[in-house]
Structure formats: C-alpha cells, structure tokens
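Enquirer: the amino acid sequence is not available; the structure is as follows:
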C-alpha cells in the first residue's frame with residue numbers, strides 16, 4: 001500500500017540535465033515536480049481543494065506525523081493536512097527552490113507572514129537581530145515593536161556599509177547579545193532596499209559574519225525587488241532568501257503570498273513554526289503561482305527593458321532631481337556591489353521630483369496609464385509615495401536618515417508599450 005501512486009507530484013528528479021546540459025529554470029518550470037500520469041493525465045496540476053488526506057496505512061500515518069512533529073527530521077514524507085502541506089504547495093516550493101539555487105523552500109500566505117515566521121522560528125529571548133536599513137516598513141516595525149516584546153533587540157547598519165563598518169556592527173551585536181544572555185540570531189538584509197534601491201554587499205556581510213560570529217548565524221535576505229531573475233543571493237553567501245511572491249513572481253496583481261528558500265538546516269525550524277501557526281499559501285494561490293512562474297522570465301525581462309527606456313527619458317528631465325535606478329548608479333561603492341551581485345537593473349526605482357510632497361502628489365494624480373497603487377512587480381506600471389503611504393509609520397528622523405524624502409516617488413514599470421509610458425510621465429511632469 002505504501003507504494004501506491006497518489007494524485008500528487010512525482011519525487012523530485014535527481015538529474016535535471018539533457019546530454020550534459022543543465023536545464024534552465026524557465027524550462028524546468030513547465031513540469032518539475034509533477035507527473036501527469038498521477039493525475040489522470042492532466043497536463044497541469046489540478047487544484048487540490050481538500051483539508052485533509054487519507055493515509056494508505058496506519059504505519060504511514062504514524063511516519064508522516066513523526067516528520068510533522070520533529071521526531072524525525074525532514075518533515076512529512078507524504079500529504080497529511082492542509083495546514084502542513086498539499087500537492088499544489090509542494091510543487092510550488094520545489095520550483096521556487098530551483099530559481100534560488102536552494103535546497104528547499106516554503107510558501108506562505110503573504111510576504112509578511114514569511115518574514116514574521118522566519119523571525120519567530122530563529123529567535124529566542126535575549127537574542128539580537130542585525131539588519132540592514134532601510135527595510136520595508138512592516139519588516140522594520142515587526143523587529144522593533146513586536147520582537148522586542150519577547151526580549152529580542154536589534155542593531156542596524158546602512159545598506160551600503162563597508163566590510164569594516166559591518167564588522168563593527170556585528171561586534172556590537174555580539175556584545176549586546178552576551179549582555180542579554182542570548183546570541184546574534186540572524187543577519188537580516190533587504191537588497192535592493194525598499195524604497196531607495198540601495199544595495200547591500202552580501203559578500204562583505206558573509207565574510208564579516210564568518211569572521212565575527214561564525215556560520216551558525218544565518219544570513220537572510222529579502223530579494224523581492226530583483227528576484228528571482230536578476231539576483232541570486234545564495235551565490236553571494238546568503239543562507240535564506242525571502243520573497244513577497246505577490247510582486248514579480250505572482251506578477252499579475254491578483255494574489256498575495258510569500259516564501260523562504262534555503263538549506264534544510266534553517267528551513268526545518270521555519271517549517272515547524274509554520275506547521276504550528278499555519279500561514280501556508282492556499283491551494284488556489286499556489287496553483288496561480290505555478291502559472292506565473294512559467295512566464296516570470298518573460299515578464300521581468302520586458303519590464304526591465306521598459307524601465308531602461310523610461311529612465312533614459314527621466315534622467316535629464318528638468319523637473320526630475322534624481323533617479324534611484326540601478327542602471328544609472330553614480331556611487332562607485334554601489335556600482336561595485338551591483339556588478340558583483342546583480343544580472344539586471346530591475347524595473348522598480350525611485351524618482352525624485354523637484355519640490356516636495358505637493359509636487360509629488362500633483363505628479364501622481366496626473367498619471368493616466370500608470371496606476372496609483374503601493375505594490376510592485378505586476379504587469380501594469382504602478383506609482384506611489386512611500387513617505388506618505390508604505391512608510392508613513394516610520395518616524396520622521398528615521399525616514400530622513402534613510403533617505404525616504406517627501407519628493408521620492410516609487411515607480412514599478414510594467415509590460416505596457418514603453419513609448420506610451422514615457423508619454424504618460426511626460427504629461428504628468430508637465431503639471432508639476
């Protein structure tokens with residue numbers, strides 16, 4: 001009975017090559033982790049709408065729960081209950097791991113659910129979190145306001161910090177943790193940073209971590225702005241990669257989800273916390289993400305090409321004070337990080353309008369093709385005002401220190417015709 005096929009994915013193949021050629025993620029997304037034979041020949045995985053799964057035998061049920069409860073490492077060998085796993089979610093997780101070059105991945109009901117479960121799983125009372133800045137406001141707020149309730153403190157450093165500066169911050173965090181009776185639980189990065197597009201030198205963070213703290217302190221990074229196409233942080237030394245799958249991976253502004261990818265060593269405690277708390281992506285959302293992963297390279301490539309054309313127009317416009325676009329970096333340190341870490345400039349950038357909030361609002365209100373909305377990475381172009389919207393809750397002095405100014409407008413370029421987008425920005429700037 002234990003060997004009877006069930007209508008789910010086949011085991012992940014050990015080899016993903018043909019004639020010595022390693023298949024690319026864009027190819028593997030069309031079928032990796034799923035065998036149509038096990039689902040009545042359906043070319044695409046069905047949506048499995050069920051809360052629980054029947055076990056082939058009592059012994060198999062016991063073995064699955066040994067994995068679920070942690071009595072045996074590796075998680076459940078089969079399907080158990082939809083708070084723990086499901087066919088659509090497991091196929092999605094297999095394919096997300098491929099994009100990041102990770103051992104495993106977990107999907108969540110939102111990006112912030114992924115981030116919160118990550119922190120709760122890896123931190124204990126007295127621990128210290130080291131993080132780069134700026135972070136997405138909700139991420140920074142969770143560390144400062146909520147983790148502190150459990151005796152977890154933090155130390156931060158600016159995104160562009162050098163190796164020497166990172167060393168000093170880690171030494172400070174190490175001493176702070178010792179005084180609190182804890183440890184440095186993790187180094188948490190966001191690169192590019194939201195909304196400034198400042199890059200973190202992940203290689204420098206890895207080297208500093210190894211020298212000051214050792215490899216037992218994981219490095220996690222929010223890769224939402226450039227992943228999974230334009231940046232693979234695991235290649236630079238990150239251990240865990242976090243996404244708001246709502247953005248580029250979902251890509252159609254019609255779902256909310258998140259993920260964490262990395263080695264089993266760190267994924268296991270995160271999985272155990274997710275098993276307890278819930279927060280796994282639902283089957284329909286997972287199915288929609290499988291659809292989206294098949295076109296993520298096409299969509300991101302087109303959006304990136306559009307962004308380059310739009311920024312070329314904006315760069316010299318008399319009402320534009322500056323651009324936070326990775327294809328036009330002026331700082332030598334940031335350019336060095338970009339060349340070592342990134343394979344593309346992305347399609348989300350900061351536009352600095354000459355003036356302040358009033359001028360920025362006039363620009364935003366005048367847009368006709370671009371939509372005034374706070375997300376990014378969708379097929380449509382979006383524009384927002386971080387200081388008054390996504391980062392409104394950030395204290396004024398903190399916003400000033402991080403460069404989140406009243407004249408900063410965040411733009412996420414979509415896949416429309418680029419000349420139409422340029423015309424839209426041109427007429428909107430005319431009213432400023």
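Expert: Arrived safely. All of these numbers come straight from a predicted model, not from anything done at the bench. Numbers count the residues shown, from 1 in each chain.

Enquirer: all helices of the chain, in order?
Expert: 25-28, 58-68, 87-100, 111-122, 137-141, 163-180, 202-212, 264-277, 283-293, 296-314, 332-341, 357-366, 396-402, 418-430 (DSSP state H).

Enquirer: who wins for proximity to residue 187 among those helices?
Expert: helix 202-212 (5.9 Å; CB to CB). Just so you know, the C-beta spots here come from the backbone N, C-alpha and C atoms, and that holds for glycine as well.

Enquirer: give me the neighbour count for residue 40.
Expert: 8 (other CB atoms under 10 Å).

Enquirer: no no, residue 87
Expert: So residue 87, with other CB under 10 Å, has 25 neighbours.

Enquirer: next one: it from residue 16, what distance?
Expert: Noted for residue 87: a distance of 20 Å to residue 16, by CB to CB, to the nearest Å.

Enquirer: now do residue 69
Expert: Relative to residue 16, and taking CB to CB, residue 69 is found at 32 Å.

Enquirer: more crowded one of these two?
Expert: Each of residue 69 and residue 16 has its neighbours counted (other CB under 10 Å); residue 16 has more, 15 against 11.

Enquirer: now that one: closest residue in space, sequence neighbours ignored.
Expert: Distances taken as CB to CB, 6 or more residues apart in numbering place residue 23 nearest to residue 16, at 5.0 Å, with adjacent residues excluded.

Enquirer: now swap in residue 376 and tell me
Expert: Using CB to CB, 6+ apart, the closest residue to residue 376 is residue 412 (3.5 Å).

Enquirer: isn't the one you found up against residue 351?
Expert: No: contact criterion CB atoms under 8 Å: residue 412 and residue 351 do not qualify, at 11.0 Å.

Enquirer: tell me who's in contact with the spatially closest residue to residue 246 that is not a sequence neighbour.
Expert: Closest residue in space to residue 246, ignoring its immediate chain neighbours: residue 256 at 4.9 Å, by CB to CB, 6+ apart. Going by CB atoms under 8 Å, 6 or more residues apart in numbering, residue 256 touches 109, 110, 111, 246, 250, 285.

Enquirer: tell me the contacts of the fourth one?
Expert: Shown in contact with residue 246 (CB under 8 Å, 6+ apart): 110, 111, 255, 256, 257, 258, 375, 377.

Enquirer: I'd say residue 52 and residue 82 touch.
Expert: Yes: using CB under 8 Å, residue 52 is in contact with residue 82, at 7.0 Å.

Enquirer: what about these two, which has more around it?
Expert: Each of residue 52 and residue 82 has its neighbours counted (other CB under 10 Å); residue 82 has more, 19 against 10.

Enquirer: so how far is residue 283 from that one?
Expert: From residue 82 over to residue 283 the distance is 7 Å, taken as CB to CB.

Enquirer: so what sits against both of the two?
Expert: With contacts defined as CB under 8 Å, 6+ apart, no residue is adjacent to both residue 82 and residue 283.

Enquirer: show me how the record splits the chain into domains.
Expert: 1-104+273-294, 111-245, 298-430 (automatic domain parsing).

Enquirer: in strands, which of the contacts of residue 246 fall?
Expert: residue 258 (DSSP state E).

Enquirer: residue 312: which of the contacts of residue 246 is nearest?
Expert: Using CB to CB, the contacts of residue 246 come closest to residue 312 at residue 377, 21.1 Å.

Enquirer: what sits against the closest residue to the closest one other than its chain neighbours?
Expert: With CB to CB, 6+ apart as the criterion, residue 377 has its nearest non-adjacent residue at 3.2 Å, and that residue is residue 247. With contact set as CB under 8 Å, 6+ apart, residue 247 has these partners: 111, 224, 225, 375, 376, 377, 378.
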